[in-house]
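Student: Here is a sequence together with a model predicted from it:
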Amino acid sequence: IGTGGSGPLTNGAASVLNGAGPSPVRSDLPGEGTPPTETTVPIDAIAPPVIVLDPGVVIEPELPTGFEPVEDADEIMGDPLTEVEQVVRTRAAATGLSSAVEFRREARGLVVTIVTDQVLFEEGRAAVQPDGIRILDVVADALADLPNSVTIEGHTDSRPISTAQFPSNWELSTARATSVLRYLVEEREFPRDRLSAAGYADTRPLAEGDDAAALARNRRVEIVVLATAASA
């Protein structure tokens, strides 16, 4: 303000600078008597909170009451094929026919060997005998809950055979394997898509020689429970 001018700064009147007089109006605020404008933000537009964890911190999950962590699940659950062997051994002993059954483990799975003489078949025949049915029932019960595929293999001794029904040991061994398969499917309702049969004649002997003991050992039917990833 130049010389001779007048105003609140020159005449000693009250000023906004000393707390008197009207307050200045801000252009960025609602006018007097005008309610502020409310802005509603949708809840799904709100970003979720970000949680930053220390990489060195390990968070242990809380287990429900009554549950404890398992140190070695395989050891506790056991091998399914080993359990099958134990069940067959126990139940075969109860039938008094435990000596007619043998077991061995191979890379392909569990092999259950059943001798044929007076157990599964009569000499030169392929009809399953009553004692053979008892053994097959034991095996079928043990395999009922397993998803594994099963191969049934027939074996003969080295003595030749030549009949109208079985021109050679190939036909005899295959017929015996097929008879066991049909019993499991038709009488025990075993899943057909899990079974197969094969005859090997005398090409895979367990015992060498032509003595009676060796020949009897080689006459057999083997039920092979094929291993899976879980039971290998």
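Tutor: Noted; the coordinates are in hand. Numbers count the residues shown, from 1 in each chain.
Student: Every contact and neighbour count from this point should use C-alpha atoms.
Tutor: Noted.
Student: residues of the top helix by length along the chain that come out buried?
Tutor: Using DSSP state H, we find that the single longest helix of the chain is helix 169-186. Residues of helix 169-186 classed as buried by neighbour count (16 or more other C-alpha atoms under 10 Å): 169-185.
Student: Which residues outside the very next helix or strand once past that helix are in contact with it?
Tutor: Towards the C-terminus, the helix or strand next in line after helix 169-186, according to DSSP states H and E, is strand 195-199. Under the criterion C-alpha atoms under 8 Å, 6 or more residues apart in numbering, residues 149-155, 170-178, 181 lie in contact with strand 195-199.
Student: Check which element follows strand 195-199 along the chain.
Tutor: Counting by DSSP H and E, the element after strand 195-199 in chain order, helix or strand, is helix 212-218.
Student: Name the residues of stretch 93-106 that come out as buried.
Tutor: By 16+ other C-alpha under 10 Å, the buried positions in stretch 93-106 come out as 97-98, 100-101, 103.
Student: Same question for stretch 216-232.
Tutor: Result for stretch 216-232 [16+ other C-alpha under 10 Å]: buried residues 216-227.
Student: closest to residue 107 among those residues?
Tutor: residue 227 (7.8 Å; C-alpha to C-alpha).
Student: Help me confirm that the closest one comes into contact with residue 148.
Tutor: Yes: applying C-alpha atoms under 8 Å as the test, residue 227 and residue 148 come out as touching, 6.8 Å apart.
Student: Look up how far residue 226 lies from residue 184.
Tutor: Note on residue 184: its distance to residue 226, by C-alpha to C-alpha, to the nearest Å, is 16 Å.
Student: Mind listing what's buried along stretch 144-155?
Tutor: Within stretch 144-155, the residues scored as buried using 16+ other C-alpha under 10 Å are 148-155.
Student: pLDDT weak spots in the protein?
Tutor: Along the chain, the model assigns pLDDT under 70 to residues 1-78, 229-232.
Student: ranges for the strands of it?
Tutor: Ranges of strands in the chain, per DSSP state E, are 101-106, 109-115, 150-155, 195-199, 220-226.
Student: Quick one: closest of these to residue 81.
Tutor: Across the strands of the chain, closest to residue 81 is strand 109-115 (C-alpha to C-alpha), at 6.4 Å.
Student: Given the closest one, what are its sheet partners and their directions?
Tutor: Strand pairing for strand 109-115, using DSSP bridges, gives strand 101-106 (antiparallel), strand 220-226 (antiparallel).
Student: Could you pull up the residues touching the residue lying closest to residue 228 once chain neighbours are set aside?
Tutor: Excluding its sequence neighbours, the residue lying closest to residue 228 (C-alpha to C-alpha, 6 or more residues apart in numbering) is residue 148, at 6.7 Å. Applying C-alpha under 8 Å, 6+ apart, we find residue 148 in contact with 194, 225-228.
Student: That concludes my questions; thank you for your assistance.
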